[in-house]
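**Student:** With the input below, show me the fold.
(one chain, ligands or ions: 1)
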Amino acid sequence: MLGLPAQVRACLFDLDGVLTDTAAVHAAAWKEMFDDYLRAAADQAGTEFVPFDKHAEYDEYVDGKPRTDGVRDFLASRGIELPEGTPDDKPGSETVNGLGNKKNEAVLRRIHTDGVKVFEGSRRYLEAAKAAGLRRVVVSSSANTREVLEVTGLAPLVEHRVDGVTIREENLHGKPAPDTFLAGAKWCGVEPSEAAVFEDALAGVQAGRAGAFGFVVGVDRVGQAEELTKHGADTVVTDLADLIDQAEDAR
Ligand SMILES: O=P(O)(O)OC[C@H]1O[C@@H](O)[C@H](O)[C@@H](O)[C@@H]1O
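**Tutor:** Okay, the predicted model is just below:
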């Protein structure tokens, strides 16, 4: 059904880059924050400023992960370790939370000024999944999931959210650990083998593989089909509507 194996009863959708065109918005906000930090650090140390690469470094160290994991993992790749701080640290203070808060200001500013675009093929897929009686949960690392689902009008198509707020409140491991997707399947009352994961991030398909889900759909928005397959995708599409079309063609 809908391009999924017959045993699948629940769909676990990532948000940024799968349902909404917000992966690039996040990447740009990360770059703005990291470049300010790296430039100031290089000035202070008298070393060369090496900017954040919003494609290669974003995909490898940041994409799909909870905010503080993204800060920590990227800085570690540059040999930098900062104190954790606390969630209410002033945006821009030199802690993992302070830098994360600054990135959040940047992403919210961009969301409010530029708006959020929904991938129409994804809206069509959500509607088809609802009509087919499949369970529908959004599983995202973003603490801004609720707001994004509301401003885009996708909220009524989604039954439940496991997001950055849930991760913090319930102390879950973020992607690439499978915990958030497992929580989504549990909420639906299905086994992981009866759930399909839809992901555009390498950390996300990796979580799908780690949780032994019934099917992992890699959504390739940036030309990384091969990497998605290597990290755990069972199939790769460029648009969720392709799955509907493939299923119709196969009839
Ligand atoms: O900073 P937020 O909105 O809580 O989002 C955390 C992460 O959420 C993921 O969905 C995005 O792929 C990442 O780019 C983002 O950094």
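
**Student:** got the residues of this protein near the ligand?
**Tutor:** 15-16, 23, 26, 62-64, 66-67, 70, 104, 107, 140-144, 164, 201 (CB under 6 Å from any ligand atom). (Glycine included, C-beta is placed from N, CA and C.)

**Student:** Now intersect these with the helices, please.
**Tutor:** Judged by DSSP state H, the residues of the chain next to the ligand include 23, 26, 67, 70, 104, 107, 164 as members of helices.

**Student:** mind giving me TSV with those and columns for pLDDT?
**Tutor:** Shown next, in TSV, are those (pLDDT from 0 to 100):
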residue	pLDDT
23	91
26	96
67	98
70	98
104	98
107	96
164	97
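
**Student:** Pull the number of nearby residues for residue 171.
**Tutor:** Using other CB atoms under 10 Å, residue 171 is surrounded by 8 other residues.

**Student:** what does residue 197 give?
**Tutor:** Residue 197: 31 neighbours (other CB under 10 Å).

**Student:** Figure out the helix or strand that the nearest residue to it once chain neighbours are set aside lives in.
**Tutor:** Spatial nearest neighbour of residue 197, excluding adjacent residues (CB to CB, 6 or more residues apart in numbering): residue 208 at 3.6 Å. In the assignment (DSSP states H and E), residue 208 maps to helix 202-210.

**Student:** Equivalent analysis for residue 136, please.
**Tutor:** Following DSSP H and E, the helix or strand that holds residue 136 is strand 135-139.

**Student:** Ok, residue 126 next?
**Tutor:** Counting by DSSP H and E, residue 126 is part of helix 120-131.

**Student:** okay, that helix in CSV with CA atoms only?
**Tutor:** Only the C-alpha atoms of helix 120-131 are listed here, as CSV (Å, rounded to 0.1, in the frame of the first residue of the first chain):
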residue,chain,number,x,y,z
GLU,A,120,3.2,19.2,-2.0
GLY,A,121,4.0,15.6,-2.7
SER,A,122,4.4,15.1,1.1
ARG,A,123,1.0,16.7,1.8
ARG,A,124,-0.5,14.4,-0.8
TYR,A,125,1.2,11.4,0.8
LEU,A,126,-0.1,12.3,4.3
GLU,A,127,-3.6,12.7,2.9
ALA,A,128,-3.4,9.3,1.1
ALA,A,129,-2.0,7.7,4.3
LYS,A,130,-4.9,9.1,6.3
ALA,A,131,-7.4,7.9,3.7
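
**Student:** No further queries at this time; thank you.
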